[in-house]
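Asker: With the sequence up front, the predicted model follows.
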Amino acid sequence: MQTLKRNILAVPILVWIGLLVGIPLIFVFGLSFLSRDSLGTIVFQFTLENYQRVLSPIYQRVFLNSLLLAFLTGAVTLVIGYPVAYITANLEPKKRALSIGLTMLPFWISSLLRTYGWMILLGNAGIINNLLLSLGIIETPLPMMYKFGTTLIGTAYMLIPFMIVAIFNSVDKLDRSLLEASYDLGASRRQTFFNITLPLTIPGIAGGFTLVFIPALGMFYVSDLLGGGNTIFLGNLINTQVTRGRNRPLAAAFSVAMILVVLLVISLYSRVAKDDREGLFL
Amino acid sequence: MTRKTSRFSAFYLSLFFVILYLPVLSVILYSFNASPSTARWTGFTFDWYRVLFQDRVIVESFKVSIQVALATAVLSAILGTASAVISMWVTERMKKAIQGMMILPLLVPEIALGIALLIFFNALRLPFGHLTLVLSHSLFCVPYVYVMVQLRLKEIDRSILESARDLGATTWQMVRTVILPLVTPSIITASLLALAMSLDDVIISTYMSGPRTTTLPVHIFSMMRVGVTPKVNALCTLIMVGMFFIVGLSQLFNNTQRKEGL
């Protein structure tokens, strides 16, 4: 009785989040099986057509693009971010605090501003082209905008702090005595890194990868502004279906597919990271 | 570390930070360029900032953003703190359930959550505008308040609570006179962060905005789609300065809280 009374206070909280997240997700799931008429009004008629379209060859391409983008974003941020995290973890306390601070600061700068910064840098009349033109290195502006790579630069740039912080926590927790033991036994720095440090920081890498991969799937404003819609990604597709295409059931089906991908990634992550899941509150 | 590798490390780190801040600095620099194109630097001007305040749509959407962010911060502070404090008393299983619920909004991709809420609010016939914006923003802000307040609660010396109990305090009195004063700095820090997150949100706000209630980031996004103009640079720079002010304030509270110890 006593525990029941205590637990009752928690019910409103569960109901509140359940109402705002759980039920809407059920709605999305339900809607993905409905059709719509030519005006975009939803018709209550069960259909699998939306899922057939999700799996059709045209849209498979979109899926592949998005998965490739998210995967490459993870890979690029890992390759660039690992050394940053590793070096930072080995700095003296004051410099290390500065380095972490500088890594985290962009979180508080508008993501639109950071995307826009690349438009200014990479545009045909942008800073990089101007510099190269005035130095006489090139004669006509290099076309750098509106490519797959441009979007990749944007997503990687936006998400790299997550990767660095996740790996940093992992390197920081490393038992230093293991490294010393390795050196004492005559291993070189390279051997120690590949045999001890890298395997032990895999949970951090997996965590960082997850934190980068998931948002990279849906950042439609980055691919919109930097990719210019030349390559279509899942996020853009869902967004256009909702805002312009007026085909919400199809957008719902794509959202369900996206959530499934995310669940898959998270379950892979929890398998890799096992018990060592600090800091990623999953 | 040998000297050679440490010099390389320093170089790599510096290069990384230069690239990390290059886009941001470019935006700031070109907000002062007299020429409307980034192709040339024709002199220093404040004109683009002046133009901003004459733009009705920008001023209006700024107002919407501020109102929504303030309401979101207050709502998230109340809900997040309540969840964290209530978690102290419930059974272990219920606590796990609350934690699970708190993670949920952060796990679902933002765009999917935005569309889910769009469909849901549509079915409820809720008018899109301030209300839907605040409800949806608080969804991704409450978990942060919850986590920050909970971290602080863990630090509280249990013996203080026990002595309050021994002196005959009821649970509610204990919450009001002992717990809340102790966690107030965390609540303020967390709600300032909620304020900042709400002010920056693009994805969910795209679906939650009403016909006349567009938030500033949603409007900026539509401006950026048209192309590069120094007006956008100036606007972004101003927002960044405002954001740093808010984050600075929250750090200030965080530090005083730490100095007080406990």
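Answerer: Done, it's in.
Asker: Distance-wise, check the closest residue to chain A within the stretch 1-150 of chain B relative to B:Met243.
Answerer: Among residues of the stretch 1-150 of chain B, the one nearest chain A by CB to the nearest CB turns out to be B:Pro23. It sits 2.5 Å away. From N, CA and C alone the C-beta is placed, and that goes for glycine too. For B:Pro23, the distance to B:Met243 equals 16 Å [CB to CB, to the nearest Å].
Asker: and these two? which has more neighbours close in?
Answerer: More neighbours sit around B:Pro23 than around the other of B:Pro23 and B:Met243, counting by other CB atoms under 10 Å in any protein chain shown; the figures are 24 against 18.
Asker: Is stretch B:44-57 positioned near chain A?
Answerer: No. Using CB under 8 Å from any CB of the partner chain, stretch B:44-57 stays clear of chain A, coming no nearer than 13.6 Å.
Asker: Which positions within that stretch qualify as buried?
Answerer: Burial within stretch B:44-57, assessed by neighbour count using 16 or more other CB atoms under 10 Å in any protein chain shown, is assigned to B:Trp48, B:Tyr49, B:Leu52.
Asker: Stretch A:197-205 too?
Answerer: By neighbour count, and taking 16+ other CB under 10 Å as the criterion, the buried residues in stretch A:197-205 are A:Thr197, A:Leu200, A:Thr201, A:Pro203, A:Gly204, A:Ile205.
Asker: for the fifth one, what are its contacts?
Answerer: In this case it means A:Gly204. A:Gly204 sits next to A:Ala85, A:Ala166, A:Ile167, A:Phe168, A:Asn169, A:Ser170, A:Val171 when contact means CB atoms under 8 Å, 6 or more residues apart in numbering or on different chains.
Asker: Out of the residues you listed, which comes closest to chain B?
Answerer: The shortest approach to chain B among the contacts of A:Gly204 belongs to A:Ala85, at 10.5 Å (CB to the nearest CB).
Asker: Measure how buried that closest one is and give me the count.
Answerer: Quick note: A:Ala85 (other CB under 10 Å) scores 27 neighbours.
Asker: you'd agree it is up against A:Phe168?
Answerer: Yes. Using CB atoms under 8 Å, A:Ala85 makes contact with A:Phe168 at a distance of 4.1 Å.
Asker: check which helix or strand covers the residue of the stretch 1-150 of chain B closest to chain A.
Answerer: With elements taken from DSSP states H and E, the one containing B:Pro23 is helix B:3-30.
Asker: same question for that helix, mean pLDDT?
Answerer: Per-residue pLDDT over helix B:3-30 has a mean of 91.
Asker: State the next helix or strand along the chain beyond it.
Answerer: Note on helix B:3-30: by DSSP H and E, the next helix or strand toward the C-terminus is helix B:47-54.
Asker: Keeping just the C-alphas, turn that next one into CSV.
Answerer: Only the C-alpha atoms of helix B:47-54 are listed here, as CSV (Å, rounded to 0.1, in the frame of the first residue of the first chain):
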residue,chain,number,x,y,z
ASP,B,47,24.3,48.6,-42.0
TRP,B,48,23.3,44.9,-42.1
TYR,B,49,22.5,45.1,-38.4
ARG,B,50,20.4,48.2,-38.9
VAL,B,51,18.4,46.6,-41.6
LEU,B,52,17.5,43.7,-39.3
PHE,B,53,15.5,45.8,-36.9
GLN,B,54,13.5,47.2,-39.8
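Asker: Please identify the residues of the stretch 151-262 of chain B in proximity to chain A?
Answerer: Selection of the stretch 151-262 of chain B residues close to chain A by CB under 8 Å from any CB yields B:196, B:200, B:202-203, B:206-207, B:217, B:220-221, B:224-225, B:228, B:232-233, B:236-237, B:239-240, B:243-244, B:247.
Asker: how much space is there between B:Asp200 and B:Phe221?
Answerer: As defined by CB to CB, B:Asp200 lies at a distance of 12 Å from B:Phe221.
Asker: actually B:Ala234, not the one I wrote
Answerer: Counting by CB to CB, the separation of B:Ala234 from B:Phe221 is 16 Å.
Asker: With B:Met148 instead?
Answerer: Counting by CB to CB, the gap between B:Met148 and B:Phe221 amounts to 29 Å.
Asker: before we move on, what about A:Ser182?
Answerer: 50 Å.
Asker: Please say which of those two ends up with more neighbours.
Answerer: Counting neighbours by other CB under 10 Å for A:Ser182 and for B:Phe221 shows that B:Phe221 has the greater number, 22 against 18.
Asker: Quick check: the more buried one vs B:Met102, distance?
Answerer: Counting by CB to CB, the gap from B:Phe221 to B:Met102 is 28 Å.
Asker: Same check on A:Ile80?
Answerer: Relative to B:Met102, A:Ile80 is positioned 32 Å away (CB to CB).
Asker: Quick check: phi and psi at A:Glu36.
Answerer: Small correction: residue A:36 is Arg, not Glu. Backbone geometry at A:Arg36, expressed as degrees, to the nearest 10, gives phi -140, psi 160.
Asker: and the angle for the lengthiest helix in chain A with helix B:3-30?
Answerer: Secondary structure of chain A per DSSP state H: the longest helix is helix A:57-89. In terms of direction (axes from the mean of the first three to the mean of the last three CA atoms, to 10 degrees), helix A:57-89 departs from helix B:3-30 by 120 degrees.
Asker: Against which helices or strands is helix A:57-89 packed?
Answerer: Using 3 or more CB pairs under 8 Å, 6 or more residues apart in numbering or on different chains; DSSP states H and E, the elements in contact with helix A:57-89 are helix A:93-104, helix A:148-173, helix A:202-218, helix A:234-243, helix A:248-273, helix B:3-30.
Asker: Nearest to A:Leu14, out of those?
Answerer: Shortest separation from A:Leu14 across these is recorded for helix A:248-273, at 20.7 Å, computed as CB to CB.
Asker: For burial, what's the neighbour tally of the residue of chain A found nearest chain B?
Answerer: Sorted by distance to chain B under CB to the nearest CB, the residues of chain A start with A:Gly117, at 2.5 Å. Around A:Gly117 there are 25 other residues, counting by other CB under 10 Å.
Asker: what about it, which helix or strand?
Answerer: Take DSSP H and E as the rule and A:Gly117 turns out to sit in helix A:111-122.
Asker: helix or strand right after that helix?
Answerer: Moving on from helix A:111-122 towards the C-terminus, the next helix or strand you reach (DSSP H and E) is helix A:127-134.
Asker: So which elements touch that following helix?
Answerer: Counting contacts by 3+ CB pairs under 8 Å, 6+ apart, helix A:127-134 is packed against helix A:111-122.
Asker: ok now the helix it packs on, how far from the chain's centre?
Answerer: Centroid separation for helix A:111-122 versus its chain: 18 Å, with CA atoms, centre = their mean, to the nearest Å.
Asker: Can I get that helix as CSV, trimmed to CA atoms?
Answerer: Provided in CSV are the C-alpha atoms of helix A:111-122 (Å, rounded to 0.1, in the frame of the first residue of the first chain):
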residue,chain,number,x,y,z
SER,A,111,23.5,24.8,-36.2
LEU,A,112,22.2,26.9,-39.0
LEU,A,113,25.0,29.4,-38.6
ARG,A,114,27.5,26.6,-38.7
THR,A,115,26.0,25.2,-41.9
TYR,A,116,25.8,28.7,-43.4
GLY,A,117,29.5,29.3,-42.6
TRP,A,118,30.3,26.5,-45.1
MET,A,119,28.1,28.1,-47.8
ILE,A,120,30.2,31.3,-47.4
LEU,A,121,33.5,29.3,-47.5
LEU,A,122,32.7,27.0,-50.4
